[in-house]
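1. give me a model of this one.
(2 chains)
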Amino acid sequence: GAVVSQHPSRVICKSGTSVKIECRSLDFQATTMFWYRQFPKQSLMLMATSNEGSKATYEQGVEKDKFLINHASLTLSTLTVTSAHPEDSSFYICSAGGLYTDTQYFGPGTRLTVL
Amino acid sequence: AQKITQTQPGMFVQEKEAVTLDCTYDTSDPSYGLFWYKQPSSGEMIFLIYQGSYDQQNATEGRYSLNFQKARKSANLVISASQLGDSAMYFCAIKRGGGNKLTFGTGTQLKVEL
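-> Just a heads-up that it's a prediction; the model follows:
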């Protein structure tokens, strides 16, 4: 399967700071990337869908100004959690899909802890 | 709207035995795809197997096979010859044909015992 990397794998930050998470598709061109959030022992909740070169589409209830998504190239998407608060602490995981595949390939995830 | 139901929050299986993880779905779309992913404790989501709604044959990938019963709207995952490394959370997901969003079930925690 395709390889998707995510960085950092773990981040601890102070309340009020911003955190940027990178998602890279290493061996294929990802026309679409997805960002999910997962709370402990729960399923993945889609936050937003981003297509290369265009604005992200956010799911209902997800604050666009808080979770900034950029998909500037076919191999890189970033999620910035702005003015992070303890309730933003979660596992964030990205996935990438190509133009000719139905399958989404996931990154290893980023565990964010906001103190 | 699409929905995935996984009714088994936890399952136990002995090493080398086969195990079936249940998944039922609800969709009004005539074309859709069904996926199974494995999530070990480390967190990454590992793609296991895919079944298209129009595929005539059940999908197989090594020790994984998908028991697709379209009329019953079920897409159960069968893992043969279980190994200790199969212990993980397993998620079933559905994607509308032509769309790109996945809808996940609540997952089944599988534990393989000696």
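
2. tell me, how many residues neighbour residue B:99?
-> Using other Cβ atoms under 10 Å in any protein chain shown, the number of residues around residue B:99 comes to 14. In short, each C-beta sits where N, CA and C put it, glycine included.

3. and it, how far is that from chain A?
-> 10 Å (Cβ to the nearest Cβ, to the nearest Å).

4. need phi/psi at that residue.
-> phi -100, psi -180 (degrees, to the nearest 10).

5. OK, contacts around it?
-> For residue B:99, the contact set (Cβ atoms under 8 Å, 6 or more residues apart in numbering or on different chains) is empty.

6. how close does it get to residue A:6?
-> 24 Å (Cβ to Cβ, to the nearest Å).

7. now residue A:83
-> Where residue A:6 is concerned, residue A:83 sits at a distance of 22 Å (Cβ to Cβ).

8. those two - which one has more neighbours?
-> Applying other Cβ under 10 Å to residue A:83 and residue A:6 shows that residue A:6 carries more neighbours, namely 22 against 12.

9. please, which helix or strand holds that one?
-> Assigned by DSSP states H and E, residue A:6 belongs to strand A:4-7.

10. so which elements touch that strand?
-> If you count contacts as 3 or more Cβ pairs under 8 Å, 6 or more residues apart in numbering or on different chains; DSSP states H and E, strand A:4-7 packs onto strand A:19-25, strand A:90-97.

11. go again using 10 Å as the cut-off
-> For strand A:4-7, the packing partners by 3 or more Cβ pairs under 10 Å, 6 or more residues apart in numbering or on different chains; DSSP states H and E come out as strand A:19-25, strand A:76-81, strand A:90-97, strand A:105-106.

12. residues of it that come out buried?
-> A:4, A:6 (16 or more other Cβ atoms under 10 Å in any protein chain shown).

13. any idea of the mean pLDDT in that strand?
-> Averaged across strand A:4-7, pLDDT comes to 96.

14. contacting residues around that strand?
-> If you take Cβ atoms under 10 Å, 6 or more residues apart in numbering or on different chains as the criterion, strand A:4-7 is touched by A:20-28, A:30, A:33, A:75, A:77-79, A:92-96, A:104-110, B:43-45.

15. in stretch B:62-74, what's buried?
-> B:64-68, B:73-74.
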